[in-house]
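1. What shape does this take:
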Amino acid sequence: MPRSVNSVASRARRKKILKLTKGNFLARRNVWTVAKNTLEKGLLHAYVGRKLKKREFRALWIQRINAAVRQHGMSYSKFMGKVIKSGIGLNRKVLADLAMNHPEAFKAVVDAVK
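-> Take a look at the predicted model:
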């Protein structure tokens, strides 16, 4: 008995991957093996990038808070220690936003901590 190959499903699988590689250059978009490798590597980079994004934003918030706090004569580590001890429920993201966009509100937080 001859072997049955489900060519409809195979073609659909290939079309799905080739559709995702649309926009790539030359063979990276339309040659099956190259496109498959390109897509796999791209998805891997996207996964890693989602993890790195969190790290990079936290580092950015810390730098912004540090710069703003030093204008008020305090270091970042002392400021954050006092924020945690005083029970102010603001995280680094909110503090960095206050420091950038609402300096008077950030000054009020610094004064409350001192």
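
2. How far does stretch 50-69 sit from its chain's centre?
-> The chain centre lies 11 Å from the centre of stretch 50-69; the measure is C-alpha atoms, centre = their mean, to the nearest Å.

3. So for it, mean pLDDT?
-> The pLDDT scores in stretch 50-69 average 98.

4. what's the answer for stretch 30-40, then?
-> pLDDT averaged over stretch 30-40 gives 96.

5. Show residues contacting that stretch.
-> With C-beta atoms under 8 Å, 6 or more residues apart in numbering as the test, stretch 30-40 has contacts from 14, 17, 18, 20, 21, 24, 27, 28, 29. (C-beta placed from N, C-alpha, C; glycine too.)

6. show me the contacts for the second one.
-> Right, residue 17. 32, 35, 36, 39.

7. Serialize those residues to a markdown table and add fields for distance to residue 54.
-> Converted to a markdown table, these look like this (distance: C-beta to C-beta, whole Å):
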| residue | distance to residue 54 |
| --- | --- |
| 32 | 35 |
| 35 | 30 |
| 36 | 29 |
| 39 | 24 |
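
8. quick one on the thing from earlier: which among the contacts of stretch 30-40 gets closest to residue 54?
-> Among the contacts of stretch 30-40, residue 20 lies closest to residue 54 (C-beta to C-beta), at 24.8 Å.

9. which residue is nearest the middle of the chain?
-> Closest to where the C-alpha atoms of the chain average out (C-alpha atoms, centre = their mean) is residue 53, at 2.3 Å.

10. Secondary structure element holding that one?
-> Using DSSP states H and E, residue 53 maps to helix 32-70.

11. mind checking how far stretch 40-50 is from the chain centre?
-> Counting by C-alpha atoms, centre = their mean, stretch 40-50 comes out at 12 Å from the chain centroid.

12. what's the neighbour count on residue 86?
-> Residue 86 is flanked by 11 other residues according to other C-beta atoms under 10 Å.

13. Pull the contacting residues for it.
-> 112, 113.

14. How much space separates it from residue 17?
-> 54 Å (C-beta to C-beta, to the nearest Å).

15. do residue 57 as well
-> 32 Å.

16. Kindly report the same for residue 28.
-> From residue 28 to residue 17 the distance is 12 Å (C-beta to C-beta).
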